[in-house]
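Peer 1: got a sequence here, can you build the structure:
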Amino acid sequence: MISRILNLAVAMVAIASSVLAQEPLTIDTPAVARQCEPTLITWHGGTGLFFLLVRENGEPIQEFGGLPADIHNFTWQTNVREGTLITFELADDAREDVTSAPFVIQYGPNNCTLVN
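Peer 2: From the prediction side, this is the model:
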């Protein structure tokens, strides 16, 4: 009986340690993003499904919800005009919310439908 209680206690400590050791949610700011060219958005940490919001000058212009928990990147089609100031906002199921640094969309081909 004592052995069983000890095994249960060890298992509970292991579970608690893994929860406490979870990496906090962070999002990377792209080095460059060009109009009408795919931009890889990457992040680290977090739990559950992810929700990505694209903001232009602080205002939301696109959102992508239900991004899989086991994938920590998303390819955005960068369908905004060059010169636009953009930030990404990312949230997870635990309601942790992070924002990228602002960046400006660079010149690229004009072969996509722009949202602005």
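Peer 1: hey, what's Asp92 bridged with?
Peer 2: On the basis of DSSP bridges, Asp92 is bridged to Phe50.
Peer 1: quick check: it vs Leu25, distance?
Peer 2: Asp92 sits 6 Å away from Leu25, going by C-beta to C-beta, to the nearest Å. The C-beta positions use only the backbone N, C-alpha and C, and glycine is treated the same way.
Peer 1: mutual contacts of the two, please.
Peer 2: Counting by C-beta atoms under 8 Å, 6 or more residues apart in numbering, the common neighbours of Asp92 and Leu25 are Gly46.
Peer 1: tell me the mean pLDDT for stretch 106-116?
Peer 2: The pLDDT scores in stretch 106-116 average 89.
Peer 1: what comes up buried for that stretch?
Peer 2: Neighbour-count burial for stretch 106-116 flags Gly108 (criterion: 16 or more other C-beta atoms under 10 Å).
Peer 1: could you do stretch 92-104 as well?
Peer 2: So stretch 92-104, judged by 16+ other C-beta under 10 Å, has buried residues Asp92, Val98, Ser100, Phe103.
Peer 1: just the ones of these in strands?
Peer 2: Asp92, Val98, Phe103 (DSSP state E).
Peer 1: for the protein, which segments are assigned as strands?
Peer 2: Going by DSSP E, the chain shows strands at 26-27, 39-44, 50-56, 59-67, 73-76, 85-92, 97-99, 103-104.
Peer 1: the ones you listed: which one's closest to Val115?
Peer 2: Nearest to Val115, of all these, is strand 59-67, at 5.6 Å by C-beta to C-beta.
Peer 1: and the angle from the closest one to strand 39-44?
Peer 2: Strand 59-67 runs at 60 degrees relative to strand 39-44, counting by axes from the mean of the first three to the mean of the last three C-alpha atoms, to 10 degrees.
Peer 1: many thanks, have a good one.
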